[in-house]
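Engineer: okay, predicted coordinates and the sequence, questions at the end:
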Amino acid sequence: MSGAGGAGHDAVVVGAGPNGLVAANHLADAGWSVLVLEEQPEAGGAVRSDRELDPDFVHDTFSAFYPLALASAAVVDLRLEDHGLEWAHAPAVLGHVMSDGRWALLHRDRHVTAGLLDDLEPGDGEAWLELCATWDRIGGPLVEALTSPFPPLGASTRLLRALPRAGGLDLVRTLLTPAASIARHRFRGEAPGLLLSGNAGHADLPLNSPGSGVFGLLMTMLGQTVGFPVPVGGAGALSAALVRRLEAKGGEVRTGAAVDHVVVTDGRAVAVTTRDGQRYDAGRAVLAAVTAPALFEHLLDPADVPSRVSRGMPAFELDPGTVKVDWALDGPIPWASTPAYAPGTVHVGDSVAQMTEAMTQVGAGSIPAAPFMLTGQMTTSDPTRSPAGTESFWAYTHVPQPGLTRGDAGGDDLTGRWDHDECERFADRMQARMEAVAPGFGDRVRVRRVLGPHELQARDANLVGGALNGGTSQLHQELFFRPVPGMLGRAGTGVRGLFLASSSAHPGGGVHGAAGANAARAALARHPVAGVARTVRQVGRGRGR
């Protein structure tokens, strides 16, 4: 099958972010000819790095740490290390400066973590090891269930078998407990609550809501088991390895190709067209690694959108916006107190209560007065990121989506326009947060860059208004509600041969590749040919660890 864009392919993948590239690799493993089309001038989506601030500094443009990539079979099975990917780890996984200046630290060695917690509050170390032992029993099948196609029957069966030995109904209750409450039931000191709640804050789940607990536990225990690794040389090295592997399998990535339409004939997706007038035919499938609104409201003709999907799309909810600041620092961060082990990730929040307040303000449409910040010491994690004695550093925090801001809790009259002036003023607020925990921080700033909601979207169209997860992670839009109830959490769209392969699909945000792998599995299942059945089973199997 041919088109103006050249010879046709078995599959066309729209978007060369991590989900699109993972999907393409799994299809290529099954022997399909695959073409990936990417709007930006380079592949990677939200997994890219650059030297814009200073030629001697590598900054990750968007995401930076990748525990889910080491826990998800969708990525692990690709063996990207055979294609040049190297991982690096900071001495400690993450840290949180406590109200009294001491550090809550998570180390990859659980016994080191326990010892540090026991130094802060005797007895908390033993309680931590008990929590780790519980995770040992349920962690594998839980990760597998969360990243497998919905419904995850096999993984759910294994999880149910593990539950009685892991605590039964008491554990189920714990998993449903808000992150802000879990630590109060298990620990005496402040530190475990900061670690669990801070990790829950990586999603847009209110810390006092159900769902935040299981996510906080998931991220914390992944940090305890696989760590928060970074690709040596920058986030873009992960994407580059995915591209090299795909090309080695005969696949192709074309950048600077902005898809503007999915062609549907007789109820089946048969091709895509690009803004420059090219048509690319798809003999078997089109996989759209774009947000659900982009696919159903822009790339498809309204008449081609199934009614059950079109009914649900008006209620589709994005996650909050984001402001990210990158700094090139002339020296290490002058923390007010020196941690026992230098953490790669640092959470900045005064207390669990204050973090909860900041996230509640965002949920209510207010720009937070004292934003809860996730930060990354990238040179500490990977010394190749900047010259010795310096630090490549970033921080990001959530803000209301553009157009949904109702006020500024900080009293600076920010409106949520997020133009250059407002982004810089809010970045000053974020930098003041750093100055409070690291006096003299500003004196070490060589240069900084502020990426507000509009800049993030301009660099990756999937980051709509700075939303990082392709849609809210709250329970009303997860599992069989994602992206809309009519799709039942599956990659199939109701249009034959068209599959949703982005974080708008189950299981949502994070660099785990599961949404892409699930879409590839669904596409392969529609075309069972020699050699494909084994790959279908492999992609759908999942192997959390």
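Structural biologist: Cool, got the structure.

Engineer: now do the contacts for Ala24.
Structural biologist: For Ala24, the contact set (CB atoms under 8 Å, 6 or more residues apart in numbering) comprises Ala11, Val13, Val34, Val36, Leu246, Gly251, Val253, Leu287, Gly516, Ala520. For the C-beta atoms, the positions are set from N, CA and C on the backbone; glycine is no exception.

Engineer: so how far is Ala282 from it?
Structural biologist: According to CB to CB, to the nearest Å, Ala24 and Ala282 sit 12 Å apart.

Engineer: next, show the common contact partners of those two.
Structural biologist: Each of Ala11 lies in contact with both Ala24 and Ala282 under the rule CB under 8 Å, 6+ apart.

Engineer: sorry, back to before: among the contacts of Ala24, which are in helices?
Structural biologist: Among the contacts of Ala24, the members falling in helices (DSSP state H) are Leu246, Gly516, Ala520.

Engineer: between the residues you listed, which has the most around it?
Structural biologist: When the ones in helices among the contacts of Ala24 are compared by neighbour count (other CB atoms under 10 Å), Ala520 ends up highest, at 35 neighbours.

Engineer: that residue is in contact with Leu21, isn't it?
Structural biologist: No: under the criterion of CB atoms under 8 Å, Ala520 lies out of contact with Leu21, with a separation of 10.9 Å.

Engineer: common neighbours of these two, please.
Structural biologist: Common neighbours of Ala520 and Leu21 (CB under 8 Å, 6+ apart) do not exist.

Engineer: could you break this structure into its assigned domains?
Structural biologist: For the chain, the domain assignment from automatic domain parsing gives the residue ranges 2-48+235-316+474-541, 109-225, 320-465.

Engineer: any chance of the ones you listed in TSV, with mean pLDDT too?
Structural biologist: Converted to TSV, the domains of the chain look like this (pLDDT from 0 to 100):
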stretch	mean pLDDT
domain 2-48+235-316+474-541	90
domain 109-225	88
domain 320-465	97
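
Engineer: turn those domains into JSON lines, columns for distance to Val75.
Structural biologist: Supplementary listing: these in JSON lines, determined by distance: least, CB to CB, whole Å:
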{"stretch": "domain 2-48+235-316+474-541", "distance to Val75": "5"}
{"stretch": "domain 109-225", "distance to Val75": "10"}
{"stretch": "domain 320-465", "distance to Val75": "18"}
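
Engineer: so which of those domains gets nearest Ser63?
Structural biologist: Ranking the domains of the chain by their distance to Ser63 (criterion: CB to CB) puts domain 2-48+235-316+474-541 first, at 5.3 Å.

Engineer: dump the residue contacts of Glu42.
Structural biologist: For Glu42, the set of contacting residues under the criterion of CB under 8 Å, 6+ apart consists of Arg48, Gly236, Thr255.

Engineer: distance of the nearest residue to Phe150 once chain neighbours are set aside from Gly508?
Structural biologist: Leaving aside its chain neighbours, Phe150 sits nearest to Gly489 (3.5 Å; criterion: CB to CB, 6 or more residues apart in numbering). Distance, Gly489 to Gly508, using CB to CB: 10 Å.

Engineer: what's the overlap in contacts for the two?
Structural biologist: Contact criterion CB under 8 Å, 6+ apart; residues bridging Gly489 and Gly508 by contacting each: Arg482.

Engineer: which of those two has more neighbours?
Structural biologist: Neighbour totals were compared for Gly489 and Gly508, and Gly508 leads with 25 against 20 (other CB under 10 Å).

Engineer: state the distance from that one to Leu205.
Structural biologist: As it turns out, when the distance is counted by CB to CB, Gly508 lies 11 Å from Leu205.

Engineer: related to what we said a few turns ago, and the contacts of Ala24, which is closest to Phe372?
Structural biologist: Minimum separation from Phe372 among those (CB to CB) is found for Gly516, which lies at 29.6 Å.

Engineer: tell me the contacts of that closest one?
Structural biologist: Under the criterion of CB under 8 Å, 6+ apart, the neighbours of Gly516 are 18-24, 26, 74, 287, 289, 501-502.

Engineer: for Asp56, give me phi and psi.
Structural biologist: Torsion angles at Asp56 (phi, psi; degrees, to the nearest 10) stand at phi -90, psi 0.

Engineer: run a quick neighbour tally on the nearest residue to Ala203 once chain neighbours are set aside.
Structural biologist: In space, and not counting its chain neighbours, Ala203 is closest to Ser473: 4.2 Å by CB to CB, 6+ apart. Ser473 is flanked by 23 other residues according to other CB under 10 Å.

Engineer: how about Arg275?
Structural biologist: 11.

Engineer: quick one: neighbours of Val447, just the number.
Structural biologist: One way to gauge burial is a neighbour count; for Val447, by other CB under 10 Å, it gives 13.

Engineer: what sits up against whichever strand or helix holds it?
Structural biologist: Using DSSP states H and E, Val447 maps to strand 445-451. Strand 445-451 is touched from outside by 52-54, 59, 61, 323-330, 390, 423-424, 426-427, 431, 459, with contacts defined as CB under 8 Å, 6+ apart.

Engineer: note down every partner strand of it and its orientation.
Structural biologist: Using DSSP bridges, the strands paired with strand 445-451 in its sheet are strand 321-329 (antiparallel).

Engineer: touching the following helix or strand past the partner strand from outside, list them.
Structural biologist: Following the chain from strand 321-329 toward its C-terminal end, the next helix or strand by DSSP H and E is strand 343-348. With contact meaning CB under 8 Å, 6+ apart, strand 343-348 is reached by 65, 89-97, 103, 105-106, 194, 198-199, 201, 228, 230, 372-378, 380-381, 395, 433-434, 437.

Engineer: packing partners of the lengthiest helix in the chain?
Structural biologist: Secondary structure of the chain read by DSSP H shows that its longest helix is helix 124-147. Helices and strands in packing contact with helix 124-147 are listed as helix 73-76, helix 110-120, helix 153-166, helix 191-200, helix 212-225; criterion 3 or more CB pairs under 8 Å, 6 or more residues apart in numbering; DSSP states H and E.

Engineer: now these as JSON lines including mean neighbour count and distance to Trp335?
Structural biologist: As requested, the helices and strands packed on helix 124-147 are exported to JSON lines (neighbours: other CB atoms under 10 Å; distance: least, CB to CB, whole Å):
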{"stretch": "helix 73-76", "mean neighbour count": "25", "distance to Trp335": "33"}
{"stretch": "helix 110-120", "mean neighbour count": "19", "distance to Trp335": "16"}
{"stretch": "helix 153-166", "mean neighbour count": "16", "distance to Trp335": "37"}
{"stretch": "helix 191-200", "mean neighbour count": "28", "distance to Trp335": "16"}
{"stretch": "helix 212-225", "mean neighbour count": "24", "distance to Trp335": "20"}
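
Engineer: turn these into CSV, columns for distance to Thr274.
Structural biologist: As requested, those are exported to CSV (distance: least, CB to CB, whole Å):
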stretch, distance to Thr274
helix 73-76, 27
helix 110-120, 50
helix 153-166, 38
helix 191-200, 40
helix 212-225, 37
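
Engineer: Leu300: which of those helices is closest?
Structural biologist: Comparing those against Leu300 with CB to CB, the closest turns out to be helix 73-76 (25.8 Å).

Engineer: other residues contacting the following helix or strand past the closest one?
Structural biologist: Later in the chain than helix 73-76, the nearest helix or strand by DSSP H and E is strand 87-88. Residues lying outside strand 87-88 but in contact with it, judged by CB under 8 Å, 6+ apart, are Leu70, Glu81, Pro229, Val230, Pro231, Val232, Ser381, Asp382.
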